[in-house]
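[1] Can you look at this prediction? I've put the sequence above it.
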Amino acid sequence: MTLNSLMDSFQGDDDKKSWAHFQERIAKAPEQVLRYYRNSNSKPTWPVLSGRPSKDDIPKCIYCGGSMCCEFQILPQLLYYFGVENEVNSLDWASIVVYACEASCEASLPYKHEYARVQLYSPSACPIV
């Protein structure tokens, strides 16, 4: 039985299926803490479906009014390198995705406003094994 056939037969809600897909994808390079996206068609790898933004949830660029696209993603593995313990009320996230202007407008500015979407960790959707 291949991994793909296991994924196809995986029984669970959509968040658990998304978590399994995320784990499969990240397993290719488990030490990674940052994923950089080179083109505007790239989509982040969301750990769970709940809390994932729709296209309408992503604001327009405040400079040109154009669309914003995913620039990079910070993975929860970074918490391990920070030494964060798995405690109640501790720093925790499933993913942080930063969006930037698709047109890269206002290149003359040293710093530009970008949008960060934080997807919170859900113990029921992301079981630690």
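    It's in.

[2] residues of the top helix by length along the chain that come out buried?
    Across the chain, the longest stretch assigned as helix under DSSP state H is helix 14-26. Neighbour-count burial for helix 14-26, with 16 or more other Cβ atoms under 10 Å as criterion, is recorded at Asp15, Lys16, Lys17, Ser18, Trp19, Ala20, Phe22, Ile26. Where you see a C-beta, it was placed from the backbone N, CA and C, and this is true even at glycine.

[3] Repeat that for stretch 25-43.
    If you call a residue buried by 16+ other Cβ under 10 Å, then stretch 25-43 has these buried ones: Ile26, Arg35, Tyr37.

[4] mean confidence score for it?
    Taken as a whole, stretch 25-43 carries a mean pLDDT of 88.

[5] what residues does that stretch touch?
    For stretch 25-43, the surrounding residues in contact (Cβ atoms under 8 Å, 6 or more residues apart in numbering) are 44-45, 67, 69-75, 77-78, 81, 102.

[6] Inside helices: which ones of the residues you listed?
    The helices, defined by DSSP H, take in Leu78, Tyr81 from those.

[7] tell me the strands in the protein, going along the chain?
    34-36, 68-74, 95-101, 115-119 (DSSP state E).

[8] can you redo these as JSON lines with distance to Glu85?
    Converted to JSON lines, those look like this (distance: least, Cβ to Cβ, whole Å):
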{"stretch": "strand 34-36", "distance to Glu85": "22"}
{"stretch": "strand 68-74", "distance to Glu85": "19"}
{"stretch": "strand 95-101", "distance to Glu85": "19"}
{"stretch": "strand 115-119", "distance to Glu85": "20"}
